[in-house]
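Chemist: only geometry, no sequence info:
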């Protein structure tokens, strides 16, 4: 009897994750279940599939051979899942939308309007720094400032987000002179997140110095700035609507982030996904002034 896809999926996950604990977490099953199913698969095939090292499971030569076939089966299973979802002709059900925490906050602010348009759709909004895998249906739609070069992903540009300096009204000034940059307190991202818009721009003006208060999340920076902890470079769509913040100077011309709506080509015609796409596109067009800091 041929191995079941369920057992091969567990084998594939363990090969990728390397440990029983992380594989079990990824699969949503128990640690003993992973061990038992892998052992049963080895007995069925008649070959040892993993070397059990002290801290890791490493595929054997037999495991490496099986890995390629299991990956082919995974791609086929995922394709069937996406295509079967696309057979639905109703504008109802769940749509999973993922974005960075700052754009997620922007979307959450407008959820009443989106829900009013799409009463039959349930929204799952996930805030993450990293892109979820659309091919594996970890999300139905992504909003990102990155446009991955993947043949199966369809991208639509939503607009360009502007950035500016914000501070609590008690700290705010009309503008910051070059010398004042180094004398005021700053809130910014930690060393692992200097890729975030505006962070390298800020470091250059601090002569390579770092903000005294650092975080890994836009909403943490936002709350710290509105509490009076220091000045922060924030997206205008977060800073401008907040009465607890005052903009210092104008939009920073060199700091911006293009926003893209990403969808797998197998799902873009699914009615509920298409309806949410259209509503998100309309939202960004209607809020263009807010996004651009005007």
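Modeler: Cool, got the structure. If you're wondering where the values come from, they're calculated on a predicted model, not measured in any experiment.

Chemist: Quick check, pLDDT for residue 227.
Modeler: Residue 227 carries a pLDDT value of 92.

Chemist: Let me fix that, I meant to ask about residue 91.
Modeler: Predicted confidence (pLDDT) for residue 91: 59.

Chemist: same thing with residue 77?
Modeler: Taking residue 77 on its own, its pLDDT is 68.

Chemist: Name the residues of whichever strand or helix holds residue 221 that come out as buried.
Modeler: Applying DSSP states H and E as the criterion places residue 221 in helix 218-226. Residues of helix 218-226 classed as buried: 218, 220, 221, 222, 224, 225, 226 (neighbour count, 16 or more other Cβ atoms under 10 Å). To be clear about C-beta, it is placed using only N, CA and C from the backbone, and glycine gets the same treatment.

Chemist: For that helix, name the packing helices and strands.
Modeler: helix 101-109, strand 187-189, strand 213-215, strand 232-235, helix 236-239 (3 or more Cβ pairs under 8 Å, 6 or more residues apart in numbering; DSSP states H and E).

Chemist: Point out the most buried one among these.
Modeler: strand 232-235 (a mean of 28; mean count of other Cβ atoms under 10 Å).

Chemist: Near the nearest residue to residue 110 once chain neighbours are set aside, how many other residues are there?
Modeler: Nearest non-adjacent residue to residue 110, counting by Cβ to Cβ, 6 or more residues apart in numbering: residue 283, 5.7 Å away. Counted with other Cβ atoms under 10 Å, the neighbours of residue 283 add up to 17.

Chemist: where does the chain dip in pLDDT?
Modeler: 1-2, 77-92, 131, 134-135, 149, 172 (pLDDT under 70).

Chemist: Give the buried residues for the longest strand belonging to the chain.
Modeler: Counting residues, the longest strand found in the chain (DSSP state E) is strand 153-167. For strand 153-167, the neighbour count (16+ other Cβ under 10 Å) marks 153, 154, 155, 158, 159, 161, 162, 163, 164, 165, 166, 167 as buried.

Chemist: so what does it touch, helix or strand wise?
Modeler: strand 232-235, helix 236-239, strand 246-248, strand 256-264, helix 271-286, helix 288-291.

Chemist: One more pass at 6 Å, please.
Modeler: Applying 3 or more Cβ pairs under 6 Å, 6 or more residues apart in numbering; DSSP states H and E, one finds that strand 153-167 makes contact with strand 232-235, helix 236-239, strand 246-248, strand 256-264, helix 288-291.

Chemist: who wins for proximity to residue 19 among the ones you listed?
Modeler: strand 256-264 (29.3 Å; Cβ to Cβ).

Chemist: May I have the strands that pair with the closest one, each with its orientation?
Modeler: Within its sheet, strand 256-264 is paired with strand 141-144 (antiparallel), strand 153-167 (antiparallel), according to DSSP bridges.

Chemist: Figure out how far that strand is from the centre of its chain.
Modeler: 11 Å (Cα atoms, centre = their mean, to the nearest Å).

Chemist: Make residue 1 into 20 and carry on from there
Modeler: Sure, I'll start counting at 20 from here, so that last one is strand 275-283.
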